[in-house]
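J.: Sequence below, structure please.
(chains A and B)
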Amino acid sequence: MATPDMKRGSTELLILALVEDRPRHGYEIGKLIEDRSGGELAFSIPALYPTLCRMEDRGWIEGRWVEKPGTRRRKFYTLTKEGRKILAAQRRDWRAFLEAVTRVAGLDNA
Amino acid sequence: MPDWTPYVRERLVLPELTARREEELIQEIADQLDDVFESARRGGAPTEEAAAVTGGHVRDWQALRRDLLDANAASRRAPVDLWTDRSVDAAASRGVRGRIAGWIDEAQLDVLYAVRQMRAHRGFAGAALLVLALGIGANVAVFAFVNGLLLRPLPYPKPDRLVAIEETLPSDTGAVISVSYLNFVDWQARQHAMDAIALYDVANMVLTGSGEAERVYGSRASRTLFGTLGIQPALGRIFMADEDRPGGPPVVVIAYDLWQRRFSGQPVLGRSLVVDDVPRTIVGVMPAGFAFPDATALWIPAAIDPAVYPRGRHSFSCIGRLKPGATMADAATEMRGIAAQLSREYPADNEGLGAALKPLRGNLVPAQAALGFLLLMGTVAFVLLIACANLANLMLARASARGHEMAVRVALGASRARLIRQSLAESGLLAACGAGLGLLAGALGRDLLVALVPVDLPAWLAFEIDGAVVAFAVLLAALTTIIVGLVPALRSSRPAVATELAASCARMAGSRDTLRAALIALEVALATVLLVGSGLMMRSLATVLAADPGLRAANVWTGRVTLPQRSYPTADHQRAFYTRVLDQVRALPGVRHASAVSSLPMSGSATSRNVVIEGRPPAPANEEVLAVLCAAMPDYFETLGIRLVRGRTFTERDGVRGTLPVAIVNETFVKRYVPPGDPIGRRISFGDGEPWMTVVGVVADVRHERLDADAEPGLFVPHHQLSADSPRGLQTGSSVTFVVRGDAAPLSLTEPIRRIVSRIDPARPLFGVRTLEQVMARSIWQSRLFTWLFGVFGAVALVLASVGVYGVISYSVTQRTREIGLRLALGAGRAQIHWMVMRHGLVMAGAGLAVGLAGATVVGRVLRSWLQEVSPTDPATYAMVTLVLLGAAAAACFMPSRRATRIDPMATLRGQ
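T.: Presented below is the predicted three-dimensional model:
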């Protein structure tokens, strides 16, 4: 089970990765993280939402209110050019980090 | 699906962020909670469980708040100037334009907030809108009338320069009389303050010739009339000087409507129109909408013959147009001087007569109607005020419920101005929507009012929803905004922060409710005034309707004809016509009596004459001995069922040439004028050598003007006795009203009578056909209409005030639940609690009632002129209103007080 600290550190990467292909709204992002991690990573609003705000503030993602007929107005987030660079950098860093941790901690053999 | 926005807004307060950003965050988090809730529901959780799951999703709102503030560093507000509530840095850098943009930005947001509030509280918003739409609608409808009657300028160029000129009687009562033709001629020659003055009168005239015989209003006018009003004909010309003198060429100018109706808009100039049997050449057509003075279809040259209209005969109306630069006071001074000269030059006719000027605008509306509509305006304003007080109270209650939120916002640095603006935005939005709906409702109400007015309205009178009415609605909306929004805004923007934040601290009822209680007392006071006013009017109307009208109105048919001078030049000719008609009408099946009279009771068409009474000392110079004069055919009193008090009624022989002239008087005449002793056999004259008439009978009083007017001295003479050529006596007037008493359903007589009249003279159309009961009802339509309207608005005020009392008491019971629970736990009886709550409501209502009763005495004095035989301080009305209001207040308090007695002390104490 991932501890809160572990989750917090990885949140930005997860969000960036999820909005890479198409715009998603906040609840969808949280849900996808939960589903794709098999329930290992679950974010409540207080955990996810300020991060979204911060990332938007920094210009990595961009939120846009979308209104579709028959549904509520929702805010969809897309990746900005800046965000794409950050995502690439974070992927590189995380890959290096995970490999290092794997090698050192002998996670392969666990 | 619950809306989570209020839930979030209550828990997440971020005054440090810009308002827009704060709202956005709240919205987005609420959206996500919605999703959580939905997904829980889809997963099969019942609503309560889903709500619990959702609520548990955010455990620590303070932590979320901190995180969001950290995350939104860029959206933080710049430091705020405490006075202006504007960002100092931002304002400095943005300049004026930026400031305005910022202001608009915030205003938009306030409105956005308000819309959300309304959506979130649909029930409240709906009720508030309904109340405001009705309140503003009633005001708009009545204002449309006041505007049309009193404010809208007359449809003539420079209408404020137009004056009405009248002659004044020597008495100091300010009584005015119509203008004498020869005095008018002298005025015209001697006055200089006015560009022109003009003379006119209005009469029923009959059109024959092309098309069916038709009765219209026609005006005899001096040729200066059109120029004085400043109106040019649309086609052709007005009268020439030689046409406006006796024996001049017979011409006529027609109204646009008549041209369209009777001539289908075909070329008419030079064509002939037979007016009262005189063929006249049409020389002009006036523009559409022109029908001066009221609803006139044609104008013929006055062409007055001084032999028929000597100086002593006052028959005309007169208007003038002030010269540029001349004031009305100048003109009035000059006219008084001329009148004084004339009174020296012609003492026999003009002794003591003066002249008076008034703005034409004011003179066209009866003072009674003007007063009625002004009172009605006050009434609907009261109703709106009560509605506003109610809404302000509801907003206050809501503001208290949101007190915690407000306190947090203030504690965190939100400025007062910001909170006040938001509250005003809410009431402003309500008021704006209310005014929009109110304009629609007002237009409908105006149509309803117009439909309730049974008389033909003058052409210049239009009750349009014009700029003034819309401006009025906007003004009302603004006032409503302030009244409804400002009180709660000021209250909620300075909550006692410490108290509010100690949320568990039990609240005791008391000082916090003072404002609400004052508003309720105000509502009750206003409702009291309205109820007393309408109660007095109702009592007065009931008195009038219950009073003996002096006649038996059931089953009496009435209808008028006019006989023009040309075809019926003498009394003998007229008599022959009336007698033939009456003989044939009496032969109709179901007819019991038939007669004719020069003016019907309660038709408002009575004419008064000065009389001299044998044996009575001459009246002082400043006192008029006036009697309403009616010329009646035989069988008149029997037909109308007018009670004979003494003597006899007219017979066929009365008035026949060679017999002794006779007269019948009414009881008021005897009481007021006849010296003690038997009135029968006493002689009366019109003075100035007119023959003496012997009184042969006394009849019961019948109101001449209106059913609710005071009884006036009345004098009846046989129709036959009058001579059509006597200038000083009663001219037989060209119009009579036939009256017929039948067995039942009087209006079924109309067609047979119409056929009889038309057989005898096809050019005499029958008009004004009504039953006598309809004539009576019409005579008091104003009292009836206003009584009805005051009654309706009084009832509305009562309902609104009761709802207000209920709302406040109910709210206070909710607020005091713990206190009441504690009292019950400490041994207070249910009856005690019941009484405590009731007393709270009754004290408020009682205070309002006391103030209202005092105010009602003022209103009663204003109403005095409307009241018949009811004192403006009628104790029965005051007592009744007191009972009704206290009853309503008690009823309004009853449910909440019962709820208070059912509070479970254990439950509330556990809640503690």
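J.: what about the closest residue to residue A:16 other than its chain neighbours, distance to chain B?
T.: In space, residue A:16 comes closest to residue A:87 once its chain neighbours are excluded; the distance is 4.1 Å by C-beta to C-beta, 6 or more residues apart in numbering or on different chains. Where you see a C-beta, it was placed from the backbone N, CA and C, and this is true even at glycine. Residue A:87 sits 19 Å away from chain B, going by C-beta to the nearest C-beta, to the nearest Å.
J.: so how far is residue B:592 from residue A:87?
T.: As judged by C-beta to C-beta, to the nearest Å, residue A:87 and residue B:592 stand 108 Å apart.
J.: Neighbour count: the two, which is higher?
T.: residue A:87 (20 against 14; other C-beta atoms under 10 Å in any protein chain shown).
J.: what residues are up against that one?
T.: A:13, A:16, A:17, A:20, A:79 (C-beta atoms under 8 Å, 6 or more residues apart in numbering or on different chains).
J.: Repeat that for residue B:476.
T.: Residue B:476 sits next to B:136, B:139, B:140, B:384, B:431, B:435, B:438 when contact means C-beta under 8 Å, 6+ apart.
J.: Would you mind identifying the next helix or strand past the helix-or-strand element of chain A with minimal mean pLDDT?
T.: In chain A, no helix or strand scores lower on mean pLDDT, DSSP states H and E than helix A:4-18, which sits at a mean of 77. The helix or strand immediately downstream of helix A:4-18 is strand A:24-25, counting by DSSP states H and E.
J.: Name every strand pairing with that following strand and say which way it goes.
T.: Using DSSP bridges, the strands paired with strand A:24-25 are strand A:73-79 (antiparallel).
J.: List the buried residues of the partner strand.
T.: Judged by neighbour count using 16 or more other C-beta atoms under 10 Å in any protein chain shown, the buried positions of strand A:73-79 are A:74, A:75, A:76, A:77, A:79.
J.: The next helix or strand after it versus strand A:73-79: what angle between them?
T.: The helix or strand immediately downstream of strand A:73-79 is helix A:81-105, counting by DSSP H and E. Helix A:81-105 runs at 70 degrees relative to strand A:73-79, counting by axes from the mean of the first three to the mean of the last three C-alpha atoms, to 10 degrees.
J.: Among the buried residues of strand A:73-79, list the two that are farthest apart in space.
T.: The span of these, defined through C-beta to C-beta, is set by A:74 and A:79 at 17.2 Å.
J.: Any stretches of the chain with poor pLDDT?
T.: You didn't say which chain, so I picked chain A. Under the criterion pLDDT under 70, the flagged ranges of chain A are A:1-9, A:69-71, A:108-110.
J.: was after chain B, sorry
T.: Across chain B, the ranges flagged by pLDDT under 70 are B:1-2, B:73-99, B:101-102, B:171-174, B:399-415, B:491-513, B:621-622, B:723-734, B:909-912.
J.: Up against chain A, what does it have?
T.: Those residues of chain B that sit near chain A, judged by C-beta under 8 Å from any C-beta of the partner chain, are B:24-25, B:27-29, B:31-36, B:39, B:57-60, B:63-64, B:67-68, B:70-75.
J.: Can you tell me, leaving aside adjacent residues, what's nearest to residue B:456?
T.: Nearest one to residue B:456, counting by C-beta to C-beta, 6+ apart, is residue B:295 at 5.5 Å.
J.: Pretty sure the one you found sits in a strand.
T.: No. Residue B:295 sits outside any strand when classified using DSSP: H, G, I helix; E, B strand; the rest coil, being coil.
J.: Excluding residues flanking it in the chain, which one is nearest residue B:352?
T.: residue B:170 (3.0 Å).
J.: right, and that neighbour touches residue B:343 too?
T.: No. With contact defined as C-beta atoms under 8 Å, residue B:170 does not count as touching residue B:343 (9.1 Å).
J.: got any residues that touch both of the two?
T.: Common neighbours of residue B:170 and residue B:343 (criterion: C-beta under 8 Å, 6+ apart): B:351, B:352, B:353, B:354.
J.: Show me those that map onto helices.
T.: Nothing among these maps onto helices, per DSSP state H.
J.: Please pick the buried ones from those.
T.: Applying 16+ other C-beta under 10 Å to the shared contacts of residue B:170 and residue B:343, the neighbour count classes B:353, B:354 as buried.
J.: Save the shared contacts of residue B:170 and residue B:343 as a markdown table, and put in distance to residue B:209 too.
T.: Supplementary listing: these in a markdown table, determined by distance: C-beta to C-beta, whole Å:
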| residue | distance to residue B:209 |
| --- | --- |
| B:351 | 46 |
| B:352 | 46 |
| B:353 | 41 |
| B:354 | 44 |
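J.: sec struct for residue 63, please.
T.: Let's take chain A. Criterion first, three-state DSSP; result for residue A:63: strand.
J.: Now do the same contact list for it.
T.: Applying C-beta under 8 Å, 6+ apart, the residues near residue A:63 are A:52, A:56, A:75, A:76, A:77.
J.: any idea how far the nearest residue to it once chain neighbours are set aside lies from residue B:524?
T.: Nearest in space to residue A:63, with sequence neighbours left out and distances taken as C-beta to C-beta, 6+ apart, is residue A:75 at 4.7 Å. Counting by C-beta to C-beta, the separation of residue A:75 from residue B:524 is 50 Å.
J.: got it, and residue B:537?
T.: Distance from residue B:537 to residue B:524, by C-beta to C-beta: 20 Å.
J.: for the residue nearest to the spatial centre of chain A, what are its contacts?
T.: Centroid check for chain A by C-alpha atoms, centre = their mean gives residue A:15 as the closest residue, at 1.7 Å. Shown in contact with residue A:15 (C-beta under 8 Å, 6+ apart): A:29, A:48, A:51, A:52, A:55, A:61, A:77.
J.: what's the most distant pair in those?
T.: A:48 and A:61 (12.5 Å).
J.: These two: which is more packed in?
T.: residue A:61 (26 against 21).
J.: Pull the number of nearby residues for residue B:593.
T.: By other C-beta under 10 Å, the residues close to residue B:593 number 20.
J.: quick one on the thing from earlier: what's across from the residue nearest to residue A:63 in the sheet?
T.: Taking DSSP bridges as the rule, residue A:75 bridges to residue A:65.
J.: what residues does chain A put near chain B?
T.: Proximity of chain A to chain B (C-beta under 8 Å from any C-beta) is limited to residues A:25-27, A:30-31, A:44-46, A:49-51, A:53-54, A:57, A:72-75.
J.: In strands, which of the residues you listed appear?
T.: A:25, A:73, A:74, A:75 (DSSP state E).
J.: Residue 54 - nearest residue in space that isn't next to it in sequence?
T.: Since no chain was named, I'll use chain A. Nearest non-adjacent residue to residue A:54, counting by C-beta to C-beta, 6+ apart: residue B:71, 3.8 Å away.
J.: Actually, chain B is the one I wanted.
T.: Using C-beta to C-beta, 6+ apart, the closest residue to residue B:54 is residue B:37 (4.3 Å).
J.: what does residue B:429 give?
T.: Distances taken as C-beta to C-beta, 6+ apart place residue B:114 nearest to residue B:429, at 4.3 Å, with adjacent residues excluded.
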